[in-house]
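Asks: turn this into a structure:
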Amino acid sequence: MSHFFSLGTLIEVLLGISLSVAAGFRVFVPLLVLSGASVVAHLNLPTDFDWLETPQALAVFAIACVLEITGYYVPWLDHLLDIVSTPAAVVTGTVVAASLTPDINPVAQWTLALIAGGGAAGLTKGVMNLFRLTSTAASGGLTNPILATIELVLAVTLSVLAVTVPLVAGALLLILLIVGTQRLWVFLAALRSPQITDPSES
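Replies: Numbers count the residues shown, from 1 in each chain. Below is the predicted model:
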């Protein structure tokens, strides 16, 4: 019991969830950071995830990361990427969380990874999709590059902090949760509010 609630376990959980949330912002950024950290032996991943520790995987993730980042600055392509990357974010969050889960029963490992990692990535991606749709409706897509830049900065910051100072990444996650919940509440409230029409137009 003491092992399960140890500081090391807490750090592993924060590391996994932070990278999973980062996948909700950009799918390949946390994979690139995780692969790079394992290639330089900063992280020691389980045997099942040795493929992440290869230079070949690092190169593939780097190329995919550049393509994904570039795509979000193309006006029509960003919404298409949202459709494709939403399930991809869930898969990535699940894989990342599983690779960092303590040595437990495989069924429990992947169940926990799907709920915590995949759930966190999917929720983050879903919220950002709503923000992008709102941005497009409000500005005709002119502010979408700003949103894309914010997403990229958050993905990189969370990923780097996760593999270097997981406790700080956890604190940042808490801040993002509070801010994101407030923004989402305002967005949903705006959808529920009745439209006020000018009587002179009737």
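
Asks: do me a favour and average the pLDDT over the lengthiest helix in the chain.
Replies: The single longest helix within the chain, with elements called by DSSP state H, is helix 166-192. Mean pLDDT, computed over helix 166-192, is 79.

Asks: and it, what other elements does it pack with?
Replies: helix 7-25, helix 119-139, helix 144-164 (3 or more C-beta pairs under 8 Å, 6 or more residues apart in numbering; DSSP states H and E). All C-beta spots, glycine's among them, are computed from the backbone N, C-alpha and C.

Asks: so which of those is nearest residue 173?
Replies: Ranking the helices and strands packed on helix 166-192 by proximity to residue 173 (C-beta to C-beta) places helix 7-25 first, at 6.0 Å.

Asks: quick one: contacts for residue 27?
Replies: 68, 85, 88-89, 92 (C-beta atoms under 8 Å, 6 or more residues apart in numbering).

Asks: oh, that last question was meant for residue 98, not what I typed.
Replies: Residue 98 touches 49, 109-110, 113, 117, counting by C-beta under 8 Å, 6+ apart.

Asks: and these, which is closest to residue 75?
Replies: Distance to residue 75 across the contacts of residue 98 (C-beta to C-beta) is lowest for residue 117, with 31.2 Å.

Asks: grab the nearest non-local neighbour of the closest one.
Replies: residue 97 (2.5 Å; C-beta to C-beta, 6 or more residues apart in numbering).

Asks: give me the element that neighbour is part of.
Replies: Using DSSP states H and E, residue 97 maps to helix 77-99.

Asks: figure out how far the helix or strand just after that helix is from the centre of its chain.
Replies: With elements assigned by DSSP H and E, the helix or strand that comes after helix 77-99 is helix 106-112. Mean-position distance between helix 106-112 and its chain equals 20 Å (C-alpha atoms, centre = their mean, to the nearest Å).

Asks: can you check stretch 74-94 too?
Replies: Centroid separation between stretch 74-94 and its chain, computed with C-alpha atoms, centre = their mean, is 11 Å.

Asks: quick one: the lowest-mean-pLDDT helix or strand in the chain to helix 7-25, angle?
Replies: Within the chain, no helix or strand scores below helix 166-192, which has a mean of 79 by mean pLDDT, DSSP states H and E. Angle between the axes of helix 166-192 and helix 7-25 is 40 degrees (criterion: axes from the mean of the first three to the mean of the last three C-alpha atoms, to 10 degrees).

Asks: tilt between helix 166-192 and helix 144-164?
Replies: Using the same axes, to 10 degrees: helix 166-192 against helix 144-164 is 150 degrees.

Asks: pull out the buried positions in helix 166-192.
Replies: 166, 169-170, 172-173, 176, 180 (16 or more other C-beta atoms under 10 Å).

Asks: next: stretch 55-72.
Replies: Here stretch 55-72 shows 57-58, 61, 65, 68-69, 72 as buried, counting by 16+ other C-beta under 10 Å.

Asks: same list (those residues) but as a markdown table, adding pLDDT, distance to residue 132 and secondary structure.
Replies: Below are these laid out as a markdown table (pLDDT from 0 to 100; distance: C-beta to C-beta, whole Å; DSSP: H, G, I helix; E, B strand; the rest coil):
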| residue | pLDDT | distance to residue 132 | secondary structure |
| --- | --- | --- | --- |
| 57 | 95 | 29 | helix |
| 58 | 95 | 29 | helix |
| 61 | 96 | 24 | helix |
| 65 | 96 | 19 | helix |
| 68 | 95 | 14 | helix |
| 69 | 95 | 15 | helix |
| 72 | 94 | 9 | coil |
